[in-house]
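**Q** requesting a structural model of the entry that follows:
(one chain, ligands or ions: 2)
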Amino acid sequence: MADTAVKVSGGKTTKTTTRLMITKMVLENFKSYAGPQTIGPFHKRFSSVVGPNGSGKSNVIDALLFVFGKKAKQLRLNKVSELIHKSAAFPTLEYAAVEVHFQLIIDDEQDDDAFEVVPGSEFVVSRTAFKNNTSKYAVDSRTSNFTDVGLLLRSHGIDLDNNRFLILQGEVEQIAMMEPKGKTLPGDSKAKGEDGLLEYLEDIIGSNKYVEQIEVWSAELDTLNEKRIEKVNRMK
Ligand code: ATP
Ligand code: MG
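**A** Ligands and ions are numbered 1, 2, ... in the order given. Just a heads-up that it's a prediction; the model follows:
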């Protein structure tokens, strides 16, 4: 989620790396959370949610998935209205809403906890679910939609297509069980076999774009080596 920003200080212009962080989330009537409840502020790098079974930890992740545009089915529900908190004390709430507060920061190289906020970079993405199973999006309280929210989040490097920024409970095991290296189909190096941990990591890091070129140059290197050996032998 890194970006470049130009920083001007004391007449000197320097390029710095900025990145997006979530400062806090505000859940209102969302699943087990009745009324408005603020979760955060989060640390810039590492925050953990702890609590007994059934206390609402996974519901926090569901809240993120909801704002990031997941459909009811992907949230393990049939209808978005099931997201609205329902309890003996609050049997007839009309909506459930989640706000995710973002800001761009510049990390302090000297201090692991410190950072500078890029002025004016704060923005809030929210989504509200209603009783009639409709939902609406907003960016900074202006009405938005699924497509524009997706574009905004992708423009900040949030990989909504692969969802690798969110590893869910069952997926941890799935990753841990991966073969070290994926299997390519025999006779065709370009045919996609099953991905292994190597391919998975290369995809995340972005080095997968070099794989094909490395194969081309490796073949070229083999050819040149053969020629070289042939010439060395002739000279001998
Ligand atoms: P575990 O440690 O077992 O994974 P958890 O902390 O992740 O637990 P969650 O799955 O986040 O727990 O929360 C489950 C709780 O949320 C349940 O008690 C469930 O009754 C409550 N819940 C879910 N949807 C609603 C709703 N619409 N209204 C009220 N409570 C709800
Ligand atoms: Mg859970």
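**Q** give me the number of residues near residue 162?
**A** Residues lying near residue 162 (other Cβ atoms under 10 Å) number 10. Quick note: C-beta positions are derived from backbone N, CA and C, even for glycine.
**Q** hang on, it in a strand?
**A** No: secondary structure of residue 162 (DSSP: H, G, I helix; E, B strand; the rest coil): coil, not part of a strand.
**Q** and it, how close does it get to ligand 1?
**A** When distance is defined by Cβ to the nearest ligand atom, to the nearest Å, residue 162 is 23 Å away from ligand 1.
**Q** likewise residue 94?
**A** 13 Å.
**Q** OK, contacts around that residue?
**A** Counting by Cβ atoms under 8 Å, 6 or more residues apart in numbering, residue 94 touches 84, 130, 131.
**Q** among the residues you listed, name the buried ones.
**A** 84, 130 (16 or more other Cβ atoms under 10 Å).
**Q** narrow the contacts of residue 94 to those in helices?
**A** Among these, no member falls in helices (DSSP state H).
**Q** ligand 1: which of the contacts of residue 94 is nearest?
**A** residue 84 (5.9 Å; Cβ to the nearest ligand atom).
**Q** keep the contacts of residue 94, but drop any that are not near ligand 1.
**A** Filtering the contacts of residue 94 for neighbours of ligand 1 using Cβ under 6 Å from any ligand atom leaves residue 84.
**Q** packing partners for the longest strand seen in the chain?
**A** Ranked by residue count and defined by DSSP state E, the top strand of the chain is strand 12-30. If you count contacts as 3 or more Cβ pairs under 8 Å, 6 or more residues apart in numbering; DSSP states H and E, strand 12-30 packs onto strand 2-9, strand 33-39, helix 57-67, strand 95-107.
**Q** now render those as TSV, adding mean neighbour count.
**A** Listed next are those as TSV, based on neighbours: other Cβ atoms under 10 Å:
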stretch	mean neighbour count
strand 2-9	10
strand 33-39	15
helix 57-67	19
strand 95-107	21
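**Q** so which of the ones you listed comes closest to residue 89?
**A** Each of the helices and strands packed on strand 12-30 has some distance to residue 89 by Cβ to Cβ; the shortest is strand 33-39, at 6.9 Å.
**Q** write out the residues of this protein neighbouring ligand 1.
**A** So far as Cβ under 6 Å from any ligand atom goes, the chain lies against ligand 1 at 31-32, 51, 53-59, 82, 84-87.
**Q** most widely separated two among these?
**A** Taking Cβ to Cβ, no two of the residues of the chain next to ligand 1 sit farther apart than 53 and 84, at 22.5 Å.
**Q** can you tell me which residue is spatially central in this protein?
**A** The C-alpha lying nearest the average C-alpha coordinate of the chain belongs to residue 165 (Cα atoms, centre = their mean; 2.8 Å).
**Q** residues in contact with it?
**A** Residues in contact with residue 165 (Cβ under 8 Å, 6+ apart) are 158, 159.
**Q** need the pLDDT of residue 68.
**A** According to the prediction, residue 68 has pLDDT 92.
**Q** what's around it, how many residues?
**A** For residue 68, the neighbour count with other Cβ under 10 Å is 19.
**Q** I figured it hits residue 161, correct?
**A** No: if you go by Cβ atoms under 8 Å, residue 68 and residue 161 don't touch, sitting 11.2 Å apart.
**Q** anything in contact with each of these two?
**A** Here residue 68 and residue 161 have no joint contacts, going by Cβ under 8 Å, 6+ apart.
**Q** tell me which residues are up against stretch 103-116.
**A** Taking Cβ under 8 Å, 6+ apart as the rule, stretch 103-116 contacts 3, 5, 7, 16-21, 23, 43-45, 117-118, 121-123.
**Q** from those, which would you call buried?
**A** For the contacts of stretch 103-116, a burial check counting by 16+ other Cβ under 10 Å picks out 18, 19, 20, 21, 23, 44, 118.
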